[in-house]
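Colleague: need coordinates for the below:
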Amino acid sequence: MTLTQALVPSQGRLARAALVLGASALIAVAAQVTVPMVPVPMTLQTLAILTVGFALGARLGTAALVTYLAEGAMGLPVFAHGGSTAALIGPAAGFLLGFVAMAAVAGFAADRGVRGFVGTALVALAASALIYVPGLAWPALVMGKSVPDLMSGWMMPFLGGDAVKALLAALIVSGAWGALAARRG
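Modeller: Numbering: from 1, shown residues only. Predicted coordinates:
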């Protein structure tokens, strides 16, 4: 059972659609909260994506990310710095695609009953590391970036922030489960 299933037990089509659209909106808002960095801004996107994945589960979490990417593809300014369609072929394109896998991994863990802080934190850290595979492959293949460039400019500056955001997501989700248990108990 996921957090949203615990909070909204009867999830008809309308409720699921609202959850997916609400989650994509949350991610779009989080994308606008940025810490300026080059070549890709550090945002609160990954915090929101992990939280969405853990709260909605794999199926709805993935649907929320696919919806988010579709909104950007349609020209809505949902990506960092109000970006849209062009971001899907720009330097951050691999990370944007990796966000789908990030939500799926977090959601898969939630579907399997991961709720405590330690387990959630470990999954969040793994899912955060996972986005670097497509995130770094894209500029390497499309833009011809070298491994040293990728490590120094595209990965290392973000590792600390990503770890903090993974731990925050784990605190949010495990805290929500704790609050729900206390309310029912």
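
Colleague: alpha carbons only for contacts and neighbour counts from here, please
Modeller: Noted.

Colleague: now residue 105, nearest residue through space, not along the chain?
Modeller: residue 127 (6.1 Å; CA to CA, 6 or more residues apart in numbering).

Colleague: separation between the one you found and residue 134?
Modeller: 12 Å (CA to CA, to the nearest Å).

Colleague: what does residue 36 give?
Modeller: Relative to residue 134, and taking CA to CA, residue 36 is found at 22 Å.

Colleague: out of these two, which sits in the busier spot?
Modeller: Each of residue 36 and residue 134 has its neighbours counted (other CA atoms under 10 Å); residue 134 has more, 19 against 11.

Colleague: correct me if wrong: that one contacts residue 95.
Modeller: Yes: Residue 134 is in contact with residue 95 according to CA atoms under 8 Å; the separation is 6.1 Å.

Colleague: any common contacting residues for the two?
Modeller: Residues touching both residue 134 and residue 95 (CA atoms under 8 Å, 6 or more residues apart in numbering): there are none.

Colleague: that older thread, does the residue nearest to residue 105 really touch residue 107, like I thought?
Modeller: No: if you go by CA under 8 Å, residue 127 and residue 107 don't touch, sitting 10.2 Å apart.

Colleague: more neighbours, the two?
Modeller: residue 107 (29 against 22).

Colleague: chain neighbours aside, what residue packs nearest to the most centrally placed residue in the chain?
Modeller: Per CA atoms, centre = their mean, the C-alpha nearest to the average position across the chain is that of residue 49, at 2.2 Å. Residue nearest to residue 49 in three dimensions, not counting chain neighbours: residue 103, with 5.8 Å by CA to CA, 6+ apart.

Colleague: quick one: name whatever helix or strand follows the helix or strand where the one you found lies.
Modeller: Following DSSP states H and E, one finds residue 103 within helix 93-111. From helix 93-111 onward toward the C-terminus, using DSSP H and E, the following helix or strand is helix 117-130.

Colleague: check which helices and strands the helix or strand following that following helix is in contact with.
Modeller: Proceeding N to C from helix 117-130, the next assigned helix or strand is helix 132-142, under DSSP H and E. Counting contacts by 3 or more CA pairs under 8 Å, 6 or more residues apart in numbering; DSSP states H and E, helix 132-142 is packed against helix 93-111.
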